[in-house]
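K.L.:
A structural model of the following input is requested.
(2 chains)
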Amino acid sequence: GAVVSQHPSRVICKSGTSVKIECRSLDFQATTMFWYRQFPKQSLMLMATSNEGSKATYEQGVEKDKFLINHASLTLSTLTVTSAHPEDSSFYICSARAAGGVTDTQYFGPGTRLTVL
Amino acid sequence: GENVEQHPSTLSVQEGDSAVIKCTYSDSASNYFPWYKQELGKRPQLIIDIRSNVGEKKDQRIAVTLNKTAKHFSLHITETQPEDSAVYFCAASITGTASKLTFGTGTRLQVTL
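P.N.:
Alright, predicted model coming up:
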């Protein structure tokens, strides 16, 4: 149980284009999903917290107009990187926390490697 | 906000030896401390977690200890095996609907034959 999928796993795009990444909880409902960015050999940096049916909460320094987050259902959250530039190239990972439980365990997706040319 | 420090950044042990990774946190209100293992290019996998109402938790070769007074917690891996080689991250959070994990900087563990 507690499987989180992400799509696509890899994407290469030209500078200036937008890229959408999907995060799905496959066997549980997630009221809260998190989006992280991880640069090579670095830790996971939280970008934003996404709650179903409400606006995402962004961490300091993360541009909400550049990284659009939508959490339209209890099993799906999307991250859209708008007007991507080479410095946005990174490993983007989502995680999901189960609804209604007492645990704070986060289950991670497999990540999306974004390369902006 | 919470700040989590993790040491060492790299750790090399021989197969069969023990490995210890230490983390400290700054927010005394933090009460949930998970440890994740991440292999290269893969997702972080939860390997063990501990809550502030216990001081130690063990799962086969893996154990975690928590010292709330000193605000530090440690991961202990005994009888290390080559497949234990990975990057390990500690994290801390305050449980609740608004909780979010603050991660340590990671420890690259290399288990040599």
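
K.L.:
Helices of chain B, residue ranges please.
P.N.:
For chain B, no helices are identified by DSSP state H.

K.L.:
Residue ranges in it under the pLDDT threshold?
P.N.:
For chain B, the stretches with pLDDT under 70 are B:97-98.

K.L.:
give me the residue from chain B nearest chain A.
P.N.:
B:R43 (4.3 Å; CB to the nearest CB). The way it works is simple: take the backbone N, C-alpha and C, and place the C-beta from them, glycine included.

K.L.:
Specify the beta-bridge partners of the residue lying closest to that residue once chain neighbours are set aside.
P.N.:
Distances taken as CB to CB, 6 or more residues apart in numbering or on different chains place A:F108 nearest to B:R43, at 4.3 Å, with adjacent residues excluded. A:F108 has these beta-bridge partners by DSSP bridges: A:S95.

K.L.:
So which residues of chain B form strands?
P.N.:
Secondary structure of chain B (DSSP state E): strands located at B:4-7, B:10-14, B:19-25, B:32-38, B:45-51, B:56-59, B:62-67, B:72-77, B:86-92, B:102-103, B:107-112.

K.L.:
brain fart, chain A
P.N.:
Going by DSSP E, chain A shows strands at A:4-7, A:10-13, A:19-25, A:30-38, A:45-51, A:57-58, A:67-73, A:76-81, A:90-98, A:106-108, A:112-116.

K.L.:
right, and those - which one's nearest B:A29?
P.N.:
Closest to B:A29 of the strands of chain A, according to CB to CB: strand A:45-51, at 17.7 Å.

K.L.:
and the residue nearest to B:R43, what does it touch?
P.N.:
A:V4, A:I93, A:C94, A:S95, B:Y36, B:R43, B:P44, B:Q45 (CB atoms under 8 Å, 6 or more residues apart in numbering or on different chains).

K.L.:
for B:K42, same thing?
P.N.:
Here B:K42 is in contact with A:P110, A:G111 (criterion: CB under 8 Å, 6+ apart).

K.L.:
Next, work out how far apart it and B:H7 are.
P.N.:
B:K42 sits 23 Å away from B:H7, going by CB to CB, to the nearest Å.

K.L.:
Pull the number of nearby residues for residue 85.
P.N.:
Let's take chain A. A:H85: 11 surrounding residues under other CB atoms under 10 Å in any protein chain shown.

K.L.:
that answer is for a different chain, and I need it for chain B
P.N.:
For B:S85, using other CB under 10 Å, the count is 18.

K.L.:
For it, which non-adjacent residue is closest in space?
P.N.:
B:V111 (4.9 Å).

K.L.:
quick revisit: top of the contacts of A:F108 by neighbour count?
P.N.:
With neighbours taken as other CB under 10 Å, the top of the contacts of A:F108 is A:C94, carrying 31 neighbours.
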